[in-house]
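Peer 1: let's see this in three dimensions:
(chains A and B)
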Number of protein chains: 2
Amino acid sequence: MRGFKNTLKPVNILSSEAEEKVHVATLRMLREHGVVFEDARALDLFRAAGQKVVADAQRVHLDPEFLMATIRKAPSQFTIRARDPKNDVVIGGDNLVFAPVSGPPFVMDRERGRREGTVKDQHDLIRLAETIEVMHHGCPEVACKDLPVETRHLDMLYDQIRLSSKGMIGDAWSTVRAVDHIAMMAILFGGREAIADAPVLLGIINSNSPLVYDAPMAEGLIEYAAAGQVNIITPFIMAGATSPVTLAAAIAQQNAESLAAVALAQLVRPGAPCIYGSFLTGLEMRTGAPSFGRPEAALGILGSAQMARRYKLPCRGGGVLTNSKIPDHQAGQEKVMMLWPLILGGVNYVLQSAGWSDGGLTASFEQMVMDAEMLEMIGRFFAGVPVDDESLALDVIGKVGAGGHFLAQEHTRRHFKTEFYFPAMADTQPYETWVKMGSRDAYERATERWKKLLASYVEPTLDEATDEALRDFIARRKRDIEATL
Amino acid sequence: MRGFKNTLKPVNILSSEAEEKVHVATLRMLREHGVVFEDARALDLFRAAGQKVVADAQRVHLDPEFLMATIRKAPSQFTIRARDPKNDVVIGGDNLVFAPVSGPPFVMDRERGRREGTVKDQHDLIRLAETIEVMHHGCPEVACKDLPVETRHLDMLYDQIRLSSKGMIGDAWSTVRAVDHIAMMAILFGGREAIADAPVLLGIINSNSPLVYDAPMAEGLIEYAAAGQVNIITPFIMAGATSPVTLAAAIAQQNAESLAAVALAQLVRPGAPCIYGSFLTGLEMRTGAPSFGRPEAALGILGSAQMARRYKLPCRGGGVLTNSKIPDHQAGQEKVMMLWPLILGGVNYVLQSAGWSDGGLTASFEQMVMDAEMLEMIGRFFAGVPVDDESLALDVIGKVGAGGHFLAQEHTRRHFKTEFYFPAMADTQPYETWVKMGSRDAYERATERWKKLLASYVEPTLDEATDEALRDFIARRKRDIEATL
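Peer 2: Got it, this is the predicted structure:
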């Protein structure tokens, strides 16, 4: 089982009165304004459940009691299985799972610079993440433009399955992709029945905020839910652009969008596992970009996680994000500004937790290992401060005495490895030594680090019959798809 | 009044049972092992109060009941006045005060590199900090080696008084310096009586851990307490070197050292304002350096602040610290890794909150403005998420409708300035624009920023008679001191 136990009590940033107001506003929004699903299957499901559907507008108006009764069917905790059971992850409760960057069109490293993502880069990123313990779930993914767009999804998931032993994130952005990915995971895990009640695949659903789900998204959600796989429902709220500028409204609107989609999943299959997603940012008014690492993002994470807790839904936090183009001071600062609220909010699943750069446009090799080091520190942090006679060490203090030194004590040797975190990259050399070694900054040292980790990669074994079945499936699907072009 | 109200509830990292164990271990340590004060006045005070003093060893053994009754006399909250009342700061409760870097021998900026601190640099750093709103208290200080060491303290405090309108940090590291600095502040504020019950000066007291206060420190503490000025009592605990390696012991030993000195201050003058200080780090076993920005430091801050709360003493947290030699990703990461625990622990006074570099050996101009931007974000964070009809904006969502856009809304214009934090340096440009502008990293942009701020500096006016009195005092003291050389 991979993942951390978050030992901090979640912070409630909203007073219980404020939380109640957000809840009430959400219910009003869903009843009065409704949500648009540009998808006949979704509208039919809501209509069949007795909800008011305005057909022309493709809009559903949700009854508050129906909504609350329906989302209650979603599980508050579940396990996502990986092909290697030691990489299973528990989602929900006090569990915290980190997953790498997913989605950028560009790839970057310090020596080769920024370039469009390719299959070769994609493979290297998967291999790199496979060597990183704290990458608990999922594989990094870049848009491989050197693969044909229509069949790309087949190769990409296959490569992830082949190169990584961790749990899989699938594509849910259309019926075809969703159905294909579910079929591939069914092959890997012994059939569709075998995965229906024990999920193995996680799909990311984004709304077109405000209050719209387009057809590909609705279809993906329905397919994943029908197969008992996990939907991470993540409105993309950029306050001031896709929601009102005020955080209270942004959180309420996100809540409305999330809950409407969770309800849809429950109509498809009661008990379908869902994660309440948040990717709430502000609009950087001067450039029109979403802003990361800001106080409004920190508050957004805390408010979002608090609402998810209210409904007993596992929560996704946006990620360990930055606007910076390179892993400089801005990146380090913005990322840790995002990381602590994720911890404090008791977020359960953090996508984009390592490797994210340039507002999500770039997957960076150096950033991946730098971020991983931060996340590992959090793992040590969760171990807290154990207090007992051995750790209080009054006898050792007595023995060393006033003005003495503890380095040579047996007690020190016994505990330093577990008491301290040992970073692989952080520099603590004297200045003169640092200069003598070439005055290398963190970015340069990270290049050395990812190369070393990548070189240590060992490909996990994949059962030959399964591999053949997967390749057969892909070949057949490619023929089918190419025939329709 | 300057400073933030910390709106988060402090995190208790120790269970109440664990906190009690640390407390009991502290009392046992002080009774059984005792604390060394290499100072006759201190030993006499403890002896007169009925405590067991082992004269040969200069060691005091403290009775638990005496200790608790004595530290209870220290105020839990007080105000430190500045020459401009708008720069007064409240210490204690939910107040959070940031102060700049103090003490490094070296100064650095990106263009001129690293060099020994000079008066010129010192002046520029004071001017820079004066322009930064979030530098709530104190002036940056570097060791000006171009001033004679015997009289340096006179010039340095005078320059701070002249160039800055903020509250002052004085030197407490010997009787001479303590007495001179108190005398200068008495001149500035209308006499020793006028400051005795309304402090205007803050001195930093460090123990020689484990469990030793040397004579200069004990003398400084006594002078500050006698004059009703503030002692920040900060053991320098480097777990594994100056305390046992286990955090529980490090916190307990720090607690013992802090409380013993708080008790001494109360014996000098009941009600003498004290701040419970912490500068707890781990030992970086590979280089022998203190480590910053690590999980053990984060836990140390939280544990220390929790103990201070137990005794109702205001708390100092070490600072916004890093081992990095330059403001790179490591610096950004380590600093925010320190900053959040300071916030979460409800720390009241953060020395070394901006400008600290290279494990405290260097004061960096760029780091100063970068850190300030982080701290300002925390100020916005404390404003939280106000929830009411205006901020929930249901009418605006209804008006914009599903799939719409909020940028042009009057509601957006009305709120964006308070809802969002606007950083001065963070880059959110599109990649291509960023390249066109010279691919500048955060370090380069920070150079531009501090130069701009420094250019905007306006010297505060100092009453002419006071200035003359200060200069007379300094001239006389210099003659006296030089006569003894």
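Peer 1: pick out the residue nearest the middle of chain A.
Peer 2: In chain A, the residue lying closest to the centroid (Cα atoms, centre = their mean) is A:Leu351, at 1.5 Å.
Peer 1: so it sits against A:Gly319, correct?
Peer 2: Yes: with contact defined as Cβ atoms under 8 Å, A:Leu351 and A:Gly319 form a contacting pair (5.6 Å). In short, each C-beta sits where N, CA and C put it, glycine included.
Peer 1: spell out which residues of the stretch 151-300 of chain A are next to chain B.
Peer 2: Contact residues, the stretch 151-300 of chain A versus chain B (Cβ under 8 Å from any Cβ of the partner chain): A:208, A:210-212, A:239-249, A:251-253, A:282-287, A:289, A:291, A:293-296, A:298-299.
Peer 1: from those residues, which land in helices?
Peer 2: Counted as lying in helices by DSSP state H, out of those, are A:247-249, A:251-253, A:295-296, A:298-299.
Peer 1: closest to B:Phe189 among the residues you listed?
Peer 2: When these are ranked by distance to B:Phe189 (Cβ to Cβ), A:Pro295 comes first, at 36.3 Å.
Peer 1: ok, that closest one - contacts?
Peer 2: Counting by Cβ atoms under 8 Å, 6 or more residues apart in numbering or on different chains, A:Pro295 touches A:337, B:377-378, B:380-381, B:383, B:421.
Peer 1: equivalent analysis for A:Ala49, please.
Peer 2: A:66, A:70, A:267.
Peer 1: equivalent analysis for A:Ile91, please.
Peer 2: Here A:Ile91 is in contact with A:77-80, A:97, A:230, A:273, A:275, A:314, A:348-349 (Cβ under 8 Å, 6+ apart).
Peer 1: can you flag the buried ones in those?
Peer 2: A:78-80, A:97, A:230, A:273, A:275, A:314, A:348-349 (16 or more other Cβ atoms under 10 Å in any protein chain shown).
Peer 1: can you tell me which of those are in strands?
Peer 2: Under the assignment DSSP state E, the buried ones among the contacts of A:Ile91 contribute A:78-80, A:97, A:230, A:275, A:349 to strands.
Peer 1: nearest to B:Ala225 among those residues?
Peer 2: Looking across these and measuring by Cβ to Cβ, the closest to B:Ala225 is A:Val97, at 51.9 Å.
Peer 1: mind pulling up the pLDDT for that closest one?
Peer 2: We have a pLDDT of 98 for A:Val97.
Peer 1: for chain B, what's its nearest residue on chain A.
Peer 2: Distances between chain A and chain B by Cβ to the nearest Cβ are smallest at A:Gly332, namely 2.8 Å.
Peer 1: ok, now how distant is that residue from A:Glu376?
Peer 2: Here the criterion is Cβ to Cβ, to the nearest Å. By it, A:Gly332 lies 15 Å from A:Glu376.
Peer 1: which one of those two is surrounded by more residues?
Peer 2: A:Gly332 (33 against 20; other Cβ atoms under 10 Å in any protein chain shown).
Peer 1: I'd say the more buried one and B:Met337 touch.
Peer 2: No: if you go by Cβ under 8 Å, A:Gly332 and B:Met337 don't touch, sitting 9.3 Å apart.
Peer 1: and the two most separated of the contacts of A:Pro295?
Peer 2: A:Met337 and B:Ala383 (15.7 Å).
Peer 1: who's more crowded, the two?
Peer 2: Using other Cβ under 10 Å, the more surrounded residue of A:Met337 and B:Ala383 is A:Met337, with 26 against 17.
Peer 1: so what's the more buried one up against?
Peer 2: A:293-295, A:297-298, B:336, B:374, B:377.
Peer 1: now A:Pro273
Peer 2: Contacts of A:Pro273 (Cβ under 8 Å, 6+ apart): A:74-75, A:78, A:91, A:199, A:228-231.
Peer 1: quick one, strands of the stretch 301-450 of chain A?
Peer 2: Under the criterion DSSP state E, counting those that start in this stretch, strands of the stretch 301-450 of chain A are mapped to A:315-317, A:349-350, A:356-357, A:362-364.
Peer 1: near chain B, anything from the third one?
Peer 2: This means strand A:356-357. No: figure legend: strand A:356-357 not in contact with chain B (Cβ under 8 Å from any Cβ); closest approach 9.9 Å.
Peer 1: would you confirm that A:Asp371 contacts A:Ser357?
Peer 2: No: judged on Cβ under 8 Å, A:Asp371 makes no contact with A:Ser357 at a distance of 9.6 Å.
Peer 1: between those two, which one's more packed in?
Peer 2: A:Asp371 (35 against 30).
Peer 1: so who does that one touch?
Peer 2: A:Asp371 sits in contact with A:320, A:335, A:353-356, where contact means Cβ under 8 Å, 6+ apart.
Peer 1: go on, A:Met168?
Peer 2: So A:Met168 contacts A:82, A:138-139, A:157, A:160-161, A:185, A:200-202 (Cβ under 8 Å, 6+ apart).
Peer 1: again, only this time at 10 Å
Peer 2: A:80-83, A:87, A:137-139, A:157, A:160-161, A:181, A:184-185, A:188, A:200-202, A:229 (Cβ atoms under 10 Å, 6 or more residues apart in numbering or on different chains).
Peer 1: from the residues you listed, which land in helices?
Peer 2: Per DSSP H, the subset of these in helices is A:157, A:160-161, A:181, A:184-185, A:188.
Peer 1: that older thread, turn the strands of the stretch 301-450 of chain A into a markdown table, columns for mean pLDDT.
Peer 2: Shown next, in a markdown table, are the strands of the stretch 301-450 of chain A (pLDDT from 0 to 100):
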| stretch | mean pLDDT |
| --- | --- |
| strand A:315-317 | 96 |
| strand A:349-350 | 98 |
| strand A:356-357 | 98 |
| strand A:362-364 | 98 |
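Peer 1: near chain B, which residues of the stretch 1-150 of chain A?
Peer 2: By the rule Cβ under 10 Å from any Cβ of the partner chain, the part of the stretch 1-150 of chain A lying against chain B is A:7-9, A:11-15, A:17-22, A:24-26, A:28-29, A:32-36, A:38, A:57-59, A:106, A:108, A:114.
Peer 1: tell me how many other residues surround A:Ala183.
Peer 2: A count of neighbours around A:Ala183, defined by other Cβ under 10 Å, yields 16.
Peer 1: distance of it from A:Leu470?
Peer 2: To A:Leu470, A:Ala183 is 10 Å away according to Cβ to Cβ.
Peer 1: got any residues that touch both of the two?
Peer 2: Counting by Cβ under 10 Å, 6+ apart, the common neighbours of A:Ala183 and A:Leu470 are A:Leu154.
Peer 1: hang on, the earlier thing: and the contacts of A:Met337, which is closest to B:Thr151?
Peer 2: Nearest member of the contacts of A:Met337 to B:Thr151, counting by Cβ to Cβ, is B:Met374, at 36.5 Å.
Peer 1: stretch A:199-212: how far from the chain's middle?
Peer 2: Taking Cα atoms, centre = their mean, to the nearest Å, one finds the center of stretch A:199-212 at 12 Å from the center of the full chain.
Peer 1: any idea how far stretch A:438-452 is from the chain center?
Peer 2: Mean C-alpha position of stretch A:438-452 versus that of the full chain (Cα atoms, centre = their mean) differs by 26 Å.
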